[in-house]
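K.L.:
Sequence plus predicted model, see below.
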Amino acid sequence: MTPPAPPAAPLRADCIGDSAGGLTFDVAARGDTGAALLVLRRRATDAVDAVADTVSLPLAPAAEGRLRAALPSSVSLPEGRWDAYARLSDGRPRRLVPGVTDLRSLAERTPSGLLGHVAVRIPYATRQGNLTVRSWLRAPHAEAVDLRLTGGGLTVRGRVYGTQLAPGADAELRARPGGGAGGEDGAGVRRVDVAAERTEFAFTVPYDGLAPGLWDLWLRPAGDAGPAVRLARLLDDVAEKNPVLTFPRARVRTAHGTVEAGPYYTRDNDLSLAVVPLGA
């Protein structure tokens, strides 16, 4: 019996981001590569989403031993995590690993918002050292630009894309299901007023009115007249904010006892608050 072929070794890919939100992949490959493809496979997130999406891009010779594929911002890439592979002449997808990554243009990018959505793609190395692209597609989008810890609260300044701020705009804090923030009265939603000017907004969340638990932050650009938009920080070159951007917690006396409260970014770079009873 012929033993199974060993798994193909991973290939290295350099990634460059452009100011429009596109990515270029340069793959190191020698020999006869045939009709090569760069393949991005979106990870299934649950049982309902069991069939992962696939996007294939042609890999064309760019220099000796180099193949290049372009992922322009005009190519749709639904929100999620996309694992990167190269398919060469043998037809077997080979996992890509990151080479040199240049994402400086992403940190300076300011989308116009004229398309009604914001598309963000950030390549990163997984814990196993493989190349994956994190994609966001928000329509509309509320970007958290600056967070200021002000005594017993948090001031958030940001900007909206793909929508307008209307009179009556406000921010909404939603107790996360299972996060324990429903409070004794069962109230799982808090509203705060928003100061708005054109596409920029600001609001302050006082911690003393929040029950212990996790609270997700949303913006209502049109108040009760329109839908809520999840607050997030996406427009830079950091794929996962949580381990990089950390904030101190403030100690506050509330009707639920003394707590420590502070903001954090979730695994998807959405903005949330943690309110923790002292000693928990």
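P.N.:
Nice, I can see it.

K.L.:
helices and strands of the chain: which one bottoms out on pLDDT?
P.N.:
Least confident helix or strand, the chain: helix 104-107 with a mean of 84, by mean pLDDT, DSSP states H and E.

K.L.:
Quick check: neighbours of the helix or strand that that helix is followed by in the sheet, parallel or antiparallel?
P.N.:
Sequence order places strand 118-125 as the next helix or strand after helix 104-107, per DSSP states H and E. Applying DSSP bridges to the sheet, strand 118-125 is found paired with strand 131-138 (antiparallel).

K.L.:
Which of the residues in the partner strand are classified as buried?
P.N.:
Within strand 131-138, the residues scored as buried using 16 or more other C-beta atoms under 10 Å are 131-136, 138. Bear in mind the C-beta positions are built from the backbone N, C-alpha and C, glycine included.

K.L.:
Just the C-alphas of stretch 118-135, formatted as PDB.
P.N.:
Only the C-alpha atoms of stretch 118-135 are listed here, as PDB (Å, rounded to 0.1, in the frame of the first residue of the first chain):
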ATOM      1  CA  VAL A 118     -16.800  50.500   5.500                       C
ATOM      2  CA  ALA A 119     -14.700  47.500   4.300                       C
ATOM      3  CA  VAL A 120     -11.600  46.600   6.300                       C
ATOM      4  CA  ARG A 121      -9.200  43.800   5.700                       C
ATOM      5  CA  ILE A 122      -6.200  43.200   8.000                       C
ATOM      6  CA  PRO A 123      -3.800  40.200   7.500                       C
ATOM      7  CA  TYR A 124      -2.300  38.700  10.700                       C
ATOM      8  CA  ALA A 125      -0.500  35.600  12.000                       C
ATOM      9  CA  THR A 126      -2.600  33.000  13.800                       C
ATOM     10  CA  ARG A 127      -1.400  31.300  17.000                       C
ATOM     11  CA  GLN A 128      -0.200  28.500  14.700                       C
ATOM     12  CA  GLY A 129       1.800  31.000  12.700                       C
ATOM     13  CA  ASN A 130      -0.400  30.800   9.600                       C
ATOM     14  CA  LEU A 131      -1.700  33.700   7.500                       C
ATOM     15  CA  THR A 132      -5.300  34.800   7.900                       C
ATOM     16  CA  VAL A 133      -7.200  37.900   6.800                       C
ATOM     17  CA  ARG A 134      -9.700  39.500   9.200                       C
ATOM     18  CA  SER A 135     -12.400  41.200   7.300                       C
END
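
K.L.:
pLDDT on that stretch, on average?
P.N.:
For stretch 118-135, the mean pLDDT works out to 94.

K.L.:
Same check on stretch 218-225?
P.N.:
On average, stretch 218-225 scores 94.

K.L.:
residues in contact with it?
P.N.:
Residues from elsewhere that reach stretch 218-225 (C-beta atoms under 8 Å, 6 or more residues apart in numbering): 140, 142, 158, 160, 163-174, 194, 201, 226-231.

K.L.:
Who does the closest residue to V39 other than its chain neighbours form a beta bridge with?
P.N.:
Counting by C-beta to C-beta, 6 or more residues apart in numbering, V39 lies nearest to Y85, which is 4.4 Å off, once chain neighbours are set aside. Counting by DSSP bridges, Y85 forms beta bridges with V39, R95.

K.L.:
Would you confirm that Y85 contacts G91?
P.N.:
No - counting by C-beta atoms under 8 Å, Y85 does not reach G91; the two are 11.7 Å apart.

K.L.:
okay, those two: which has more neighbours?
P.N.:
Neighbours per residue (other C-beta atoms under 10 Å) separate Y85 from G91, with Y85 holding more: 22 against 9.

K.L.:
That one and N130: what is the separation?
P.N.:
Distance check for Y85 against N130: by C-beta to C-beta, to the nearest Å, it reads 9 Å.
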